[in-house]
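Enquirer: Got a predicted structure here, sequence first:
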Amino acid sequence: MTGSRLLGTGSALPRRIVTNAELAERVDTSDEWIVERTGIRQRHIAEPDETTATLATAAARAALADAGVDASSIGLIVLATATPDNTFPATATKVQAALGCRGGIAFDVAAVCSGFLYALATADSLLRTGMAKRALVIGAETFSRILDWEDRTTCVLFGDGAGAVVLEAPGADAGGSDAPGILGTRLHADGAHHDLLYVDGGPSTTQTVGHVRMRGPEVFRHAVVNLAGVLKEVLEEAGISSNEIDWVVPHQANARILDATAKKLGISPEKVVVTVDRHANTSAASVPLALDTARRDGRIKPGDLVMLEAMGGGFTWGASLIRM
Ligand code: ACO
């Protein structure tokens, strides 16, 4: 039996675009190096009046409009972020208030770049148990606020943004793998690699927000192996072969990771949705942002089989297969 159905998607990006050339004026880098090593050409960076909650709310409104449902019908909001507006309360509750949703459940999940996959699996599980009928699942970040703008090895890689989906609990008549809905999901974590990708601050340690620290080449190697592994697991769980996939919507960290993972699985690069060139790495926002982009430009259509996948700090990683 299929899981929750995806009714609509939405996304939001900060107004300001920062090009590689602009960054090269601040740190010792070049457009050529960034494009060749990452595929990134530009990123959106939040202005002071734009926060994780305002971006998340805009993305949620767009998803509700796309689904044609009212905010009052949402009984669950799960928001993935590593850059909440406040240490508490959860940014999801700010979105809930901004949308005018009354009652229901709202909370954040922290799994960094794979946060959207964790949020989607959590929402799907809660919907299946009857805790709510309809959910908003959001990935939203203002990573620019935790970057060390003097560290060229990290500051060129990230951007800000938000993406959201509306999910509905499966009906009693939910069908097999041809019916719309989530067909399979797998999540993983391995805390042994903390020092390869982390933020060097936090309420309980330094009482500061801290900055992103990453040993890029090591993360890269783990990403390709872990992602290829979890994609295989999800395909096996759903009883689907990789050549049946219409689209892969990966976490947008680096164009070379996307290519290497697709190659490992024998998936054609034309089936991989790429937005890293325009958005850079928006952490938990990147998968729903890319999904919304490919639905709105007409690539992903109803009935398509779509694989979402991500890997991030922790390490955490996961994948989810959805019939649109
Ligand atoms: N501009 C110019 N030169 C640079 C820059 C820069 N912005 N950054 C690093 N360099 C230099 C380095 O200092 C190094 O110089 P050296 O050879 O003189 O020592 C050289 O470029 C090569 O550096 P590497 O780090 O080996 O470059 P690499 O090809 O590995 O690319 C990158 C680095 C882009 C970070 C890559 O390793 C990567 O994408 N890693 C994975 C990141 C990722 O997947 N993150 C996902 C999760 S993110 C999250 O969860 C928050």
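Expert: Right, received. Where do you want to start?

Enquirer: And the contacts of stretch 80-97?
Expert: With contacts defined as CB atoms under 8 Å, 6 or more residues apart in numbering, stretch 80-97 is touched by 51-53, 56-57, 60, 77-79, 104, 106-112, 115-116, 118-119, 136-143, 145-146, 199, 203, 283-284, 313. All C-beta spots, glycine's among them, are computed from the backbone N, C-alpha and C.

Enquirer: all helices for the stretch 151-300 of the chain, in order.
Expert: Using DSSP state H, counting those that start in this stretch, the helices of the stretch 151-300 of the chain run over residues 152-155, 216-238, 255-265, 276-279, 286-296.

Enquirer: what's the closest of those helices to Asp304?
Expert: helix 286-296 (9.3 Å; CB to CB).

Enquirer: Would you mind identifying the next helix or strand past the closest one?
Expert: Past helix 286-296, further along toward the C-terminus, the next helix or strand under DSSP states H and E is strand 305-312.

Enquirer: coming back round to it: filter the contacts of stretch 80-97 by proximity to the ligand?
Expert: 112, 283, 313 (CB under 6 Å from any ligand atom).

Enquirer: Who wins on neighbours among these?
Expert: Compared across these, Ser283 has the highest neighbour count, 34 neighbours, by other CB atoms under 10 Å.

Enquirer: Was I right to think that residue contacts Ala111?
Expert: No - Ser283 is beyond contact range of Ala111, at 9.8 Å (criterion: CB atoms under 8 Å).

Enquirer: list residues touching both of those two?
Expert: Joint contacts of Ser283 and Ala111 (CB under 8 Å, 6+ apart) are Gly312.

Enquirer: How many residues are close by Leu7?
Expert: 18.

Enquirer: In a strand, it, correct?
Expert: Yes - assigned with DSSP: H, G, I helix; E, B strand; the rest coil, Leu7 falls within a strand.

Enquirer: what's the closest non-adjacent residue to it?
Expert: Once flanking residues are discounted, Leu7 sits nearest to Ala67: 3.7 Å by CB to CB, 6 or more residues apart in numbering.
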